[in-house]
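Chemist: got a sequence here, can you model it:
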Amino acid sequence: MQSTLKLTWAAFGLLLTGACATTPPPQAELTKAASQVTAAEALDAKRVPQARLHLELAREQIARAEQLIEDGDNDEARRAITRASADAELARALAVEDTTRREAEEAQTRLDQLRKEAM
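Modeler: Sure, this is the predicted structure:
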């Protein structure tokens, strides 16, 4: 009887330890990833085809992460959030690169016009 009671308490202790070991929902990371998507959108990333693709992938991963959090799979949600952050950051970088390239092309065009006028 006493060994059964000890075994029951040991099993309960292991169960309790396992329950406490689960990772908490990654809400802060999810919020950060959503902010990264918003930042890319503010740079009009959707006008750049590759950036638009990565923006959509980021949104999909955020939606997936939200569902995983709801299902209690916080580890997998964290991985989805990491992918969303990477896609959002890439979308932002592609939008910045496109804007910079366009500005450089416009500056070159103006410079060429000034050179023609100076001749």
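
Chemist: so which helix or strand takes in Ala77?
Modeler: helix 74-118 (DSSP states H and E).

Chemist: actually Gln36, not the one I wrote
Modeler: helix 27-42.

Chemist: give the buried residues for that helix.
Modeler: Judged by neighbour count using 16 or more other CB atoms under 10 Å, the buried positions of helix 27-42 are Glu29, Leu30, Ala33, Ala34, Gln36, Val37, Ala40, Glu41. In short, each C-beta sits where N, CA and C put it, glycine included.

Chemist: ditto for stretch 97-107
Modeler: The neighbour-count criterion (16+ other CB under 10 Å) identifies Asp98 as the buried residues of stretch 97-107.

Chemist: just the CA trace of it, in CSV.
Modeler: Taking C-alpha atoms only, stretch 97-107 is exported to CSV below (Å, rounded to 0.1, in the frame of the first residue of the first chain):
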residue,chain,number,x,y,z
GLU,A,97,16.4,48.4,-52.0
ASP,A,98,13.8,49.2,-54.6
THR,A,99,13.2,52.7,-53.4
THR,A,100,17.0,53.3,-53.2
ARG,A,101,17.5,52.0,-56.7
ARG,A,102,14.7,54.2,-58.1
GLU,A,103,16.1,57.3,-56.4
ALA,A,104,19.5,56.5,-57.8
GLU,A,105,18.1,56.1,-61.3
GLU,A,106,16.2,59.4,-61.0
ALA,A,107,19.3,61.2,-59.8
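
Chemist: chain center to that stretch: distance?
Modeler: 26 Å (CA atoms, centre = their mean, to the nearest Å).

Chemist: tell me the pLDDT at the most centrally placed residue in the chain?
Modeler: The centroid of the chain falls nearest to Ser85 when counting by CA atoms, centre = their mean (1.9 Å). At Ser85, the pLDDT value in this model is 98.

Chemist: what's it in contact with, if anything?
Modeler: Shown in contact with Ser85 (CB atoms under 8 Å, 6 or more residues apart in numbering): Glu29, Lys32, Ala33, Gln36, Ala58.
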